[in-house]
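1. I need the structure of the sequence given here:
(one chain, ligands or ions: 2)
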Amino acid sequence: MNTQPNPVAVITGASRRLGLHMTQSFLQQGWQVIVLTRDCGAGELANIDNPNLTCIECDALNDESVSAAIGSIRQATQHVDLLLHNASIYEKDQQHQSDPVSFYNDLYAIHMKLPARLNTALADLLKESVREQGNIIHITDIYVANPNPEYALYCSTKAGSENLMLSFAKRLAPTVRVNAIQPGPVKFLPEHSSDDQSKVLAETLLAVEGGFEALEKAIYAILDNHYMTASVVRVDGGRAMA
Ligand SMILES: NC(=O)C1=CN([C@@H]2O[C@H](COP(=O)(O)OP(=O)(O)OC[C@H]3O[C@@H](n4cnc5c(N)ncnc54)[C@H](OP(=O)(O)O)[C@@H]3O)[C@@H](O)[C@H]2O)C=CC1
Ligand SMILES: Nc1nc2c(c(=O)[nH]1)N=C([C@H](O)[C@@H](O)CO)CN2
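-> Ligands and ions are numbered 1, 2, ... in the order given. Presented below is the predicted three-dimensional model:
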């Protein structure tokens, strides 16, 4: 009889798209999943009827809310096996011309402050992983290496997240591995016009969206490779080479 406790994944931002996809994937694999989300009653997340899912409401932009969420995570589990930094805001600088400072503060809060706080606060639980090692994965962007100037503030904070990944990989080795995945055009948002989409795919060697399955495969590949840490994995259909 298997007496090993289920591994535990903590996912930030899970009400939709990749976060929701990975929540469903880990549940199907028998993991316990703890999600940090702005609204546990939002969208498909609310319809998931699974005792292995724990939903914690957290406003990533509010320090007290994050502190409370950390306390809730620590009450919910004695170990963390994967911490997945997925939550993100993706908007053009020009959408915030009236108040670029508060927009930058929000991007810093969600892409850098939240990962740094969770990596620090959950390090002891990650070292108690029931798997060979604990894992942290920062989802960044190919724009880290070659920024899109229309998204300068977004790109710079994603670069910050990737730099944090390197520091925590050094700090938490060898019991916790820390890596980054740089997606390319994986899944457009509804607000992406068909012209925008065509332009992006014309700049992509494989000329198609990757789909969240492409990122899912990369996440499991990192989890299954004991020798990967401080690594950056591009999943972009070759767009970075365009
Ligand atoms: N989709 C793509 O093609 C690409 C994606 N990426 C990266 O991959 C990851 C997943 O992408 P995707 O699923 O498209 O991400 P989304 O843009 O759909 O956002 C992911 C989550 O971030 C949280 N979030 C969004 N806005 C805010 C906000 N203002 N305040 C607090 N939380 C917020 C939400 O979680 P909740 O509602 O649960 O609070 C949301 O579900 C992201 O880190 C993204 O930057 C990088 C390059 C390309
Ligand atoms: N949080 C998000 N970040 C990014 C998204 C997204 O939908 N949410 N999408 C992209 C684009 O697809 C880009 O890769 C192609 O223009 C980038 N980041």
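2. do any residues in the lowest-mean-pLDDT helix or strand in the chain lie close to ligand 1?
-> Lowest by mean pLDDT, DSSP states H and E among the helices and strands of the chain is helix 194-202, with a mean of 95. No: on the criterion CB under 6 Å from any ligand atom, helix 194-202 is out of touch with ligand 1, staying 9.1 Å away. Where C-beta positions appear, they are placed from N, C-alpha and C, glycine not excepted.
3. quick one: contacts of the helix or strand that that helix is followed by?
-> Heading C-terminal from helix 194-202, the first helix or strand you meet, by DSSP states H and E, is helix 212-223. By CB atoms under 8 Å, 6 or more residues apart in numbering, the surrounding residues in contact with helix 212-223 are 17-18, 21-22, 25, 82, 84, 131, 135, 137, 139, 177, 179, 181, 183, 186-187, 228, 231, 233, 235.
4. buried among those? Make that a ChimeraX selection.
-> Buried residues within these, by 16 or more other CB atoms under 10 Å, are selected in ChimeraX with:
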select :17,18,21,22,25,82,84,135,137,139,177,179,181,183,186,228,231,233,235
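5. which ones among the contacts of helix 212-223 map onto strands?
-> The strands, defined by DSSP state E, take in Leu82, Leu84, Asn135, Ile137, Ile139, Arg177, Asn179, Ile181, Pro183, Val233, Val235 from the contacts of helix 212-223.
6. so what pLDDT did the second one get?
-> For Leu84, the model assigns a pLDDT of 99.
7. what of the fifth one?
-> The per-residue pLDDT reported for Ile139 equals 99.
8. the nearest residue to Ile110 once chain neighbours are set aside: neighbouring residues, count only.
-> Leaving aside its sequence neighbours, Ile110 sits nearest to Ala60 (CB to CB, 6 or more residues apart in numbering; 4.6 Å). Residues near Ala60, counting by other CB atoms under 10 Å, number 25.
9. of the ones in strands among the contacts of helix 212-223, closest to Asn163?
-> Nearest to Asn163 among the ones in strands among the contacts of helix 212-223 is Asn179, at 13.4 Å by CB to CB.
10. who touches that closest one in this structure?
-> Contacts of Asn179 by CB under 8 Å, 6+ apart are 135-138, 165, 169, 222, 228-233.
11. please apply the same query to Gly184.
-> Neighbouring residues of Gly184 by CB under 8 Å, 6+ apart: Ile142, Thr204, Gly210, Arg234, Val235, Asp236, Gly237, Gly238, Arg239, Ala240.
12. pretty sure Phe188 sits against Glu209.
-> Yes: counting by CB atoms under 8 Å, Glu209 is a contact partner of Phe188 at 6.6 Å.
13. between the two, which one's more packed in?
-> Set Phe188 next to Glu209 and count neighbours by other CB under 10 Å: Glu209 wins out with 17 against 14.
14. circling back: ok, and of the ones in strands among the contacts of helix 212-223, which contact ligand 1?
-> Restricting the ones in strands among the contacts of helix 212-223 to those near ligand 1 - CB under 6 Å from any ligand atom - leaves Ile139, Pro183.
15. give me phi/psi at the residue positioned nearest the centre of the chain?
-> For the chain, the residue nearest the mean C-alpha position is Asn86 (1.9 Å; CA atoms, centre = their mean). The phi/psi pair for Asn86 (degrees, to the nearest 10) reads phi -110, psi -30.
16. hey, C-alpha coordinates of the longest helix anywhere in the chain in PDB?
-> As assigned by DSSP state H, the longest helix anywhere in the chain is helix 152-172. Extracted in PDB, the C-alpha atoms of helix 152-172 (Å, rounded to 0.1, in the frame of the first residue of the first chain):
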ATOM      1  CA  ALA A 152       9.100  47.800 -21.300                       C
ATOM      2  CA  LEU A 153       7.800  47.700 -17.700                       C
ATOM      3  CA  TYR A 154       6.400  44.200 -18.100                       C
ATOM      4  CA  CYS A 155       9.600  42.900 -19.600                       C
ATOM      5  CA  SER A 156      11.900  44.500 -17.000                       C
ATOM      6  CA  THR A 157       9.900  42.900 -14.100                       C
ATOM      7  CA  LYS A 158       9.900  39.500 -15.800                       C
ATOM      8  CA  ALA A 159      13.700  39.900 -16.100                       C
ATOM      9  CA  GLY A 160      13.700  40.600 -12.400                       C
ATOM     10  CA  SER A 161      11.800  37.400 -11.700                       C
ATOM     11  CA  GLU A 162      14.400  35.500 -13.700                       C
ATOM     12  CA  ASN A 163      17.300  37.100 -11.700                       C
ATOM     13  CA  LEU A 164      15.500  36.100  -8.500                       C
ATOM     14  CA  MET A 165      15.400  32.500  -9.900                       C
ATOM     15  CA  LEU A 166      19.200  32.500 -10.100                       C
ATOM     16  CA  SER A 167      19.700  33.800  -6.600                       C
ATOM     17  CA  PHE A 168      17.300  31.300  -5.100                       C
ATOM     18  CA  ALA A 169      18.800  28.500  -7.100                       C
ATOM     19  CA  LYS A 170      22.100  29.300  -5.400                       C
ATOM     20  CA  ARG A 171      20.600  29.900  -2.000                       C
ATOM     21  CA  LEU A 172      18.400  26.700  -1.800                       C
END
